[in-house]
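Chemist: Here is my input, please return the structure:
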Amino acid sequence: MTALSVNLNKIALLRNSRGRDYPNVVAYGEKLIGMGVQGLTVHPRQDERHTTRQDTRDLARLCKRYEDAELNVEGYPSTEFMALIMETKPDQCTLVPDAPDQLTSDHGWDLEQHFDWICELARQLENIGIRSSLFIDPDVTQIKLAAQTGVDRIELYTEAYASAFPTNDYSDTLQEYMLAAKTAQELGLGVNAGHDLDLNNLSEFLTIPGVLEVSIGHALTVESLELGVKEVIKRYLEICHS
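Modeler: Just a heads-up that it's a prediction; the model follows:
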């Protein structure tokens, strides 16, 4: 079974667009937990253009009330971000190599350049009992380096697969992800995945064995406008649990 973690960034963005606390991000997250999702994800960027540092604190308190709901906080490991992680102690911290002004995550870590730093961050997270994950491309060389840093998991950046899927010429790309996941698992790393996965392409992606968690936000929010959130969550859970 693959856990579904819903990224709440777009819900927060909708709230921020009117300057009111509507929709309330925590209440929406709790509603999703009630529908059966196993996790919530936030990416509190420095400019707080969607989820905020306070959202992270509030969602951490929410998830601690539910035994089966995890909080995944992702972001660039600045001093400020790591202080927030140490304060809120989410279940999982996903380290992402984003610039402060980046529109969305669009590449994985270059561990040849950042290896020592990631090793230190992994130690910090381990010392306070937080599962660590690295946002990474399906690159076997990078995955082998990731296994040496001390992180617990990788999150495969799935944009290449999602872009290829509508063309029906994605088998080679999917094989790259299969090899990446297999390599990670053989080296003792758990495998998560995320970025532009949706109701159309997720089931085929999950033919990759052993994917522990998928994080989905933008597509899920758009699909909820068309189909209703209850129906969308039901369909995702059916795919993840099949």
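Chemist: drop to CA atoms for contacts and neighbour counts, all remaining ones
Modeler: Will do.
Chemist: how about the strands of this structure, start to end?
Modeler: 3-7, 39-42, 70-75, 92-95, 131-136, 153-157, 190-194, 211-216 (DSSP state E).
Chemist: Mean pLDDT and mean neighbour count for these - can I get that in CSV?
Modeler: Shown next, in CSV, are the strands of the chain (pLDDT from 0 to 100; neighbours: other C-alpha atoms under 10 Å):
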stretch, mean pLDDT, mean neighbour count
strand 3-7, 98, 24
strand 39-42, 98, 26
strand 70-75, 98, 24
strand 92-95, 98, 24
strand 131-136, 98, 24
strand 153-157, 98, 26
strand 190-194, 98, 22
strand 211-216, 98, 21
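Chemist: Nearest to Tyr177 among the ones you listed would be which one?
Modeler: Between Tyr177 and the strands of the chain, the tightest spacing by C-alpha to C-alpha is seen for strand 153-157, at 7.9 Å.
Chemist: Parallel or antiparallel, list what pairs with that closest one.
Modeler: Counting by DSSP bridges, the strands paired with strand 153-157 are strand 131-136 (parallel), strand 190-194 (parallel).
Chemist: Out of those strands, which gets nearest to Leu62?
Modeler: strand 131-136 (18.3 Å).
Chemist: how far away is the residue most central in space within the chain from Pro209?
Modeler: With distances taken as C-alpha atoms, centre = their mean, Ser215 lies nearest the centre of the chain, 4.1 Å away. Going from Ser215 to Pro209 by C-alpha to C-alpha, to the nearest Å gives 17 Å.
Chemist: before we move on, what about Asn24?
Modeler: Relative to Pro209, and taking C-alpha to C-alpha, Asn24 is found at 36 Å.
Chemist: What of Gly108?
Modeler: From Gly108 to Pro209 the distance is 21 Å (C-alpha to C-alpha).
Chemist: okay, these two: which has more neighbours?
Modeler: Gly108 (21 against 14; other C-alpha atoms under 10 Å).
Chemist: Can you tell me how far that one is from Leu95?
Modeler: For Gly108, the distance to Leu95 - C-alpha to C-alpha - is 10 Å.
Chemist: which stretches of the chain have low pLDDT?
Modeler: 99-106 (pLDDT under 70).
Chemist: Mutual contacts of Gly108 and Leu95, please.
Modeler: 134-135 (C-alpha atoms under 8 Å, 6 or more residues apart in numbering).
Chemist: isn't Asn16 right next to Thr52, touching?
Modeler: No: in this structure, Asn16 is not within contact of Thr52 by C-alpha atoms under 8 Å, at 9.9 Å.
Chemist: what's the straight distance from one end of stretch 214-221 to the other?
Modeler: 15 Å.
Chemist: Outside of it itself, list whatever touches it.
Modeler: 2-11, 41, 192-199, 229, 232.
Chemist: likewise stretch 21-39?
Modeler: Contacts for stretch 21-39 (C-alpha under 8 Å, 6+ apart): 3-6, 8, 11-12, 14-15, 40, 55, 58-59, 62, 68-72, 230, 233-234, 237.
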